[in-house]
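>>> please find the sequence and the predicted model below.
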Amino acid sequence: MPTSQDMSLMDIADQAAENFTIALRDRTRALMTSLEGNDLASASELIRQINLTRDETLYHEVGRLTRALHNALRDFHLDIGLHASAKVEHELSEMADARSRLNYVIKMTEDAANLTMDRVDEATPIIQNLVDSGKGLKQDWQTFVANQPSMTADQAALFGRIELYLAKVANDGQGIHSRLTDILMAQGYQDLSGQVIKRVIDLVSDVEKSLVRLVKIASNVEAVAGIQSPVTAKTQLDAQQRIKAEGPQMSTASKKDVVSGQDDVDELLSSLGF
Amino acid sequence: MKILIVDDFSTMRRIIKNLLRDLGFTNTAEADDGSSALPMLEKGSFDFLITDWNMPGMTGIELLVACRASDKLKTLPILMVTAEAKRDQIIAAAQAGVNGYVVKPFTAAALQEKIEKIFERIEAAS
């Protein structure tokens, strides 16, 4: 999130670069004139000035970079331990806070999923009991009705309704049972969302570590002036990570190397002779 | 039939355990990653392993490879139930000797079908 302070820092940096270009252009023109006029003394003085301006600009830019980094770190409330011998503390940083919030989400969803499954576990035997007793009672009822020597039309109609009701209890009970299974399956969201959140937690940790490292480098201005960021061979890394666990895939439709569902998995496996 | 369920999320272990109970498999045990599952498998008399892939410590694919390298566990039927959905990953699991692969989120019917299929194949082979 860019703050007004960041914007002004960027403006200053642009301004400095522009000033340097203008100064360079002016002096180059003067240098050409001096050389054409064979005035070597003023030509070498101009070259000295160009070098000086370049060094000054570079020095200021490095200083600004260092300050910007410090500000960024301060905004994240990172205790970077630059001026103390204390080890880098993460506990109070905003990033550590972000991590604990995300862990809280995992905990809350886990509790909710478990509560849901507790209720499903309680409801399942209740329904099963209704189904079983409904079935048993229906059989006994049929025997009882069959053994009646005589009954009125009203009685026959009522007995019929009771028999239908007992059949319905058994039947609807099965329907409820299968819906309870669906509710149970739906709790899998906790695993899938939890895996994604764990990945974000790791990312936040990595960003935090990188920022702390950057500021330690920047605190030494000379080191910053001579810094050369190491280039990692990304393709090499990708190849190594290929068969590692990646967690749930998002927007699978746009990814060619990701299966879109169980049918795709089955197709792929059967093509492999499964 | 003794079944070991391995997943780092207790929610998922519970779901699979309940589904297995509905299918009539009540003798189950749980582990939260490969490194706790492997000694259980080596010591115990498990007939079937259902494992996740992405777990801290020892992952499911590492557990699969370790089982296939063990004399005792090389023929243990293994079903992978995982969110890992890349073709390369499924191929890697197949090459490592997995018996079935169910991608999350899955349905109760899909799990049942894969389990039945695995046991049909084992019976046909014996």
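Sure thing, it's come through. None of these values were measured; they are calculated from a predicted model.

>>> by proximity to chain A, which residue of chain B wins?
Going by C-beta to the nearest C-beta, chain A is nearest to B:Asn54 of chain B, at 3.5 Å. C-beta here means a position set from N, CA and C on the backbone, and glycine is covered the same way.

>>> outside of the helix ranked longest in chain B, which residues touch it?
For chain B, the longest helix by residue count, based on DSSP state H, is helix B:108-125. Here helix B:108-125 makes contact (C-beta atoms under 8 Å, 6 or more residues apart in numbering or on different chains) with A:181-182, A:184-185, A:262, B:16, B:19, B:22-23, B:48, B:77, B:79, B:81, B:99-102.

>>> and the nearest residue to B:Ala31 once chain neighbours are set aside, what is it in contact with?
Counting by C-beta to C-beta, 6 or more residues apart in numbering or on different chains, B:Ala37 is the residue found nearest to B:Ala31 once chain neighbours are left out, at 3.8 Å. Applying C-beta under 8 Å, 6+ apart, we find B:Ala37 in contact with B:Leu4, B:Val6, B:Ala31, B:Leu49, B:Thr51, B:Met58, B:Leu63.

>>> could you list the buried residues of stretch A:39-49?
The neighbour-count check on stretch A:39-49 (16 or more other C-beta atoms under 10 Å in any protein chain shown) flags A:Ala43, A:Leu46 as buried.

>>> ok now that stretch, how far from the chain's centre?
58 Å (C-alpha atoms, centre = their mean, to the nearest Å).

>>> contacts for that stretch next, please.
By C-beta under 8 Å, 6+ apart, the surrounding residues in contact with stretch A:39-49 are A:Arg27, A:Ala30, A:Leu31, A:Ser34, A:Leu35.

>>> in PyMOL, how would I select the buried members of these?
Remark: buried members of these, expressed as a PyMOL selection using 16+ other C-beta under 10 Å:
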select buried, chain A and resi 27+30+31+34
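
>>> redo the contacts of stretch A:39-49 as a markdown table? Include secondary structure.
Listed next are those as a markdown table, based on DSSP: H, G, I helix; E, B strand; the rest coil:
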| residue | secondary structure |
| --- | --- |
| A:Arg27 | helix |
| A:Ala30 | helix |
| A:Leu31 | helix |
| A:Ser34 | helix |
| A:Leu35 | helix |
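
>>> out of the contacts of stretch A:39-49, which is nearest to A:Ile197?
Distances from A:Ile197 to the contacts of stretch A:39-49, taken as C-beta to C-beta, are shortest for A:Arg27 (56.9 Å).

>>> so which residue is dead centre in chain A?
The centroid of chain A falls nearest to A:Val200 when counting by C-alpha atoms, centre = their mean (3.5 Å).

>>> now that one: closest residue in space that isn't a chain neighbour?
Nearest residue to A:Val200 in three dimensions, chain neighbours excluded: A:Leu102, at 6.1 Å (C-beta to C-beta, 6+ apart).

>>> which element, helix or strand, includes the one you found?
Following DSSP states H and E, one finds A:Leu102 within helix A:94-146.

>>> show me what the helix or strand following that helix is packed against.
The element immediately downstream of helix A:94-146 (helix or strand, assigned by DSSP H and E) is helix A:153-186. The contact analysis (3 or more C-beta pairs under 8 Å, 6 or more residues apart in numbering or on different chains; DSSP states H and E) places helix A:153-186 against helix A:94-146, helix B:10-22, helix B:108-125.

>>> buried sites along the following helix or strand past the second one?
Moving toward the C-terminus from helix B:10-22, the next helix or strand (DSSP H and E) is strand B:28-31. Applying a neighbour-count criterion of 16+ other C-beta under 10 Å, one finds B:Thr28, B:Glu30, B:Ala31 buried in strand B:28-31.

>>> in JSON lines: those residues, plus pLDDT.
Formatted as JSON lines, those follow (pLDDT from 0 to 100):
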{"residue": "B:Thr28", "pLDDT": "97"}
{"residue": "B:Glu30", "pLDDT": "97"}
{"residue": "B:Ala31", "pLDDT": "97"}
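
>>> pLDDT value on A:Ser42, please?
Predicted confidence (pLDDT) for A:Ser42: 88.

>>> just the buried residues of whichever strand or helix holds it, please?
Using DSSP H and E, A:Ser42 falls within helix A:40-75. Under the neighbour-count criterion of 16+ other C-beta under 10 Å, helix A:40-75 has A:Ala43, A:Leu46, A:Ile50, A:Thr57, A:Glu61, A:Val62, A:Leu65, A:Thr66, A:Ala68, A:Leu69, A:Ala72, A:Leu73 buried.

>>> picking up where we left off before, what kind of secondary structure is the residue of chain B closest to chain A in?
With three-state DSSP as the criterion, B:Asn54 reads coil.

>>> ok, it - contacts?
Contacts here follow C-beta under 8 Å, 6+ apart; on that basis B:Asn54 touches A:Gln195, A:Ala245, A:Glu246, A:Gly247, B:Asp8, B:Gly60, B:Thr82, B:Ala83, B:Glu84.

>>> try 7 Å
The neighbours of B:Asn54, taking C-beta atoms under 7 Å, 6 or more residues apart in numbering or on different chains as the test, are A:Gln195, A:Ala245, A:Gly247, B:Thr82, B:Ala83, B:Glu84.

>>> cool, and B:Thr51?
By C-beta under 7 Å, 6+ apart, B:Thr51 lies in contact with B:Val6, B:Gly60, B:Leu63, B:Ile78, B:Met80.

>>> lowest-confidence helix or strand of chain B?
Sorting the helices and strands of chain B by mean pLDDT, DSSP states H and E puts helix B:108-125 at the bottom, at a mean of 90.

>>> residues near the closest residue to chain B within chain A, how many?
Nearest to chain B in chain A, going by C-beta to the nearest C-beta, is A:Ala245, at a distance of 3.5 Å. As a burial measure, A:Ala245 scores 19 neighbours (other C-beta atoms under 10 Å in any protein chain shown).
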